[in-house]
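Visitor: Pasting a predicted model and its sequence here:
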Amino acid sequence: MNSVIPLRERNIAFIGFMGVGKTTIGELVANKLVRDFIDIDKEIENEYQMPTSEIFKTIGEKAFRKKERDYVEKFCQKRLQVISLGGGAFLQEEIRNICLSTCIIFFLDISWERWKERLNLIIDSRPVLQGRNLEEIEELFHKRREIYSIHNSKFTTDNLDAEEIADYITDSLKLAWELYEPQVD
């Protein structure tokens, strides 16, 4: 499917650990490229009219993951989207395959030390972190990082603000489009 969709029309998907900035950076990139922005977690929250943490308690993680897969499939069938995936979405092989065939995937990476500084800001809203100690969270962080290694481009977010990252990604995309699919006048 990748070879059928022109590079300029492929969706752009952001993956990475929770709290790394996928939504913030994704929204900025979407604005810079004049594309629609979709946050998969927000789509699910809107459907259920409750935050993800409540959805996990109400319908369970398995049902949430199914809904997540349905939304990814729905939005990846379109073109010219910027999509932010939840931190656990890419763990599903089906989601990885859909994204790899329809998207340019950016892995937003962050060092454990920098991410740990954000923990207090996000822990209450992330059901996967509930009831885990710091050692268990670090293990989850490194385990998921292995899954995120399947991507088209990796960008380390340490010591950069969202605007700088979005500019770099946007410039990189535009350069790739010109190199690999130059506009014909």
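Guide: Structure's in. What do you need?
Visitor: Show me where this structure has its strands.
Guide: Assigned by DSSP state E, the chain shows strands spanning 11-15, 36-39, 81-84, 103-109, 153-156.
Visitor: could I get those as TSV with distance to residue 126, mean neighbour count and mean pLDDT?
Guide: Backbone N, C-alpha and C define where each C-beta goes, glycine included. Formatted as TSV, the strands of the chain follow (distance: least, CB to CB, whole Å; neighbours: other CB atoms under 10 Å; pLDDT from 0 to 100):
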stretch	distance to residue 126	mean neighbour count	mean pLDDT
strand 11-15	16	26	98
strand 36-39	15	18	98
strand 81-84	15	26	98
strand 103-109	16	23	97
strand 153-156	21	15	93
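Visitor: Reformat the ones you listed as TSV; add distance to residue 118.
Guide: Formatted as TSV, these follow (distance: least, CB to CB, whole Å):
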stretch	distance to residue 118
strand 11-15	16
strand 36-39	18
strand 81-84	16
strand 103-109	13
strand 153-156	15
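Visitor: the longest helix in this structure is where?
Guide: helix 162-180 (DSSP state H).
Visitor: Packing partners of it?
Guide: In terms of contacts (3 or more CB pairs under 8 Å, 6 or more residues apart in numbering; DSSP states H and E), helix 162-180 is packed against helix 22-33, strand 103-109, strand 153-156.
Visitor: Out of the ones you listed, which is closest to residue 47?
Guide: Closest to residue 47 of those, according to CB to CB: helix 22-33, at 17.2 Å.
Visitor: and the closest one, what's its mean pLDDT?
Guide: Average pLDDT, helix 22-33: 97.
Visitor: Tell me how far it lies from the chain's centre.
Guide: 11 Å (CA atoms, centre = their mean, to the nearest Å).
Visitor: Show me what counts as buried in that helix.
Guide: In terms of neighbour count (16 or more other CB atoms under 10 Å), helix 22-33 has its buried residues at 22-30, 32-33.
Visitor: so can I have CSV of those showing distance to residue 70?
Guide: CSV is the format used below for the buried residues of helix 22-33 (distance: CB to CB, whole Å):
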residue, distance to residue 70
22, 19
23, 20
24, 25
25, 24
26, 20
27, 22
28, 27
29, 24
30, 21
32, 28
33, 25
